[in-house]
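**Q** this one's structure only:
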């Protein structure tokens, strides 16, 4: 961990620092910046960089309640170079003690995964990147070679299509269990997290029993139907061990000049629900 | 399919046009542009855009023998904005009757996959993009909604890690068979191809029997150990039905001022081996 002259940490984040943020803010809220030009308040479209203008206002409004920001890279890539500039500005604007996630779902053969890891850990200084596991160990390992950086590997996702392959039975157990078990053996709870998009309590509790120590990034709360209470009751461990992502439910809570206040109110409400358990 | 004033087609490619290129050139060669600044001839580093200068020379030297170019997006992303500019220039330089692949291994929940599809089919006008299947149908379907564009879904990959999950047995059959079967049911051989990185002849023949009509994108030839004869003998169908990718074996065939001639010679040799079967 490097520290700059003014005491602001930069570039990497150890587990203890994530946990410290969680305890300080009594929150496990991750705000998902899936910023879509067609959905942001129209008055922002006059700005030179409307996506950054929106994100900046959202970050200002929610950083008191959020311990992580997740940038969904697809929404930025789709805008071409302008989008990558918005991404870069947004990342630079996020306070460095807040955990950053490049939600990019990357993964390829070893030499290519190394390039993806360089993209998100060096060219852009994210703390973590999400990874698709289908190509196996050498597609995941390059992300784990960076000190104090994290690979967040898909375990169970929250979409309907998760039923197509993730729940197929292999030796009597769903594929996702094999993925969790095998991927966990490639690293440690200090450099691997899992995406766990379960919404049913039995499944959440079951996944926690399989991976007692790992952090879970939990999508699907809000617009996708999950709820904070069920997640917290069934997945919290002694380090909290979860980041609950809400995207649309926070960033599009309002759609007029007061969108930032609406986002702050939504984030505060989520934080309040979470605080009971922390 | 749009046609510009000078008769050059632009933007999309139907299966018949791919097949026409294959018969015209007696080749199924796809050249993989995994262009790495640390591996290109050093005299190019003085150029304003060394990656594009390299790719331009490679395209000039190999287009007579290649029916497809595959851009491995990781190598471009890792260079930040400069890299995306090199990618854009490279794509624009590829003759429009040659099939283009964004080798990006994307895939996410529906609204996010839609953004990725827009990225590669609209913001950048690729003919196709590679897709990771772990998240299931709604992660693949958005790519199939674009007319005359292709989703190239991972079936079997050529890396060591392919053994971790793709070959796990589900109801007595390896996971990749379930992936091929289920993904095939979401589209047609006119908009879905599969990545089939097998190198053993039994496996190639088996996969062809499972998917008689689909095009296969076959990596792993050259640096990764596969050979043209084995692939052609076991996978060609009446439309050829394969694109054999060679990356390092062509683009890094030479490493001095004569690199383009060396790449041409390597591509010509691959084309010659392929022509016997076409």
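**A** Received it, and whenever you're ready, just let me know what you need. Note that the structure is a prediction, hence the values are computed from the model and not measured.
**Q** Up against chain B, what does the stretch 151-278 of chain A have?
**A** A:154, A:157-166, A:168-171, A:175, A:178-179, A:182 (CB under 8 Å from any CB of the partner chain). Placement of C-beta: from N, CA and C, glycine included.
**Q** Pull out the buried residues from the residues you listed.
**A** The neighbour count (16 or more other CB atoms under 10 Å in any protein chain shown) marks A:154, A:157-159, A:161-162, A:164-166, A:168, A:170, A:175, A:178-179, A:182 as buried among these.
**Q** just these: which has the poorest pLDDT?
**A** Across these, the smallest pLDDT goes to residue A:158, namely 88.
**Q** what's the helix or strand for that residue?
**A** Under the criterion DSSP states H and E, no helix or strand holds residue A:158.
**Q** Next, it: phi, psi?
**A** phi -100, psi 0 (degrees, to the nearest 10).
**Q** thinking again about what came up before, out of the buried ones among the residues of the stretch 151-278 of chain A next to chain B, which is nearest to residue A:252?
**A** Of all these, residue A:252 sits closest to residue A:158, with 17.8 Å by CB to CB.
**Q** from memory that closest one sits against residue A:199, does it?
**A** Yes: here residue A:158 lies in contact with residue A:199, judged by CB atoms under 8 Å, at a distance of 6.7 Å.
**Q** quick revisit: which of the buried ones among the residues of the stretch 151-278 of chain A next to chain B fall in helices?
**A** Secondary structure assignment (DSSP state H) places A:162, A:164, A:165, A:175, A:178, A:179, A:182 from those within helices.
**Q** Can you tell me which of those residues comes closest to chain B?
**A** residue A:164 (3.2 Å; CB to the nearest CB).
**Q** and the residue lying closest to residue A:181 once chain neighbours are set aside, how far is that from residue B:175?
**A** Leaving aside its chain neighbours, residue A:181 sits nearest to residue A:210 (7.0 Å; criterion: CB to CB, 6 or more residues apart in numbering or on different chains). Per CB to CB, to the nearest Å, residue A:210 is found 19 Å from residue B:175.
**Q** Am I right that residue A:58 is in contact with residue A:260?
**A** Yes: using CB under 8 Å, residue A:58 is in contact with residue A:260, at 6.5 Å.
**Q** neighbour-wise, which of the two wins?
**A** With neighbours defined as other CB atoms under 10 Å in any protein chain shown, residue A:58 and residue A:260 compare such that residue A:58 has more, 26 against 20.
**Q** pLDDT score assigned to the more buried one?
**A** pLDDT, read off for residue A:58, is 98.
**Q** for residue A:242, what are its contacts?
**A** When the contact criterion is CB atoms under 8 Å, 6 or more residues apart in numbering or on different chains, the partners of residue A:242 are A:28, A:215, A:216, A:217, A:218, A:231, A:232, A:235, A:236.
**Q** Please tell me how far the last one sits from residue A:71.
**A** Distance from residue A:236 to residue A:71, counting by CB to CB: 25 Å.
**Q** And these two? Which one has more around it.
**A** Higher neighbour count among residue A:236 and residue A:71: residue A:71, with 25 against 17, using other CB under 10 Å.
**Q** how much space between that one and residue A:59?
**A** Taking CB to CB as the measure, residue A:71 falls 11 Å from residue A:59.
**Q** Quick check: neighbours shared by these two?
**A** The contact sets of residue A:71 and residue A:59 overlap at residue A:90 (CB under 8 Å, 6+ apart).
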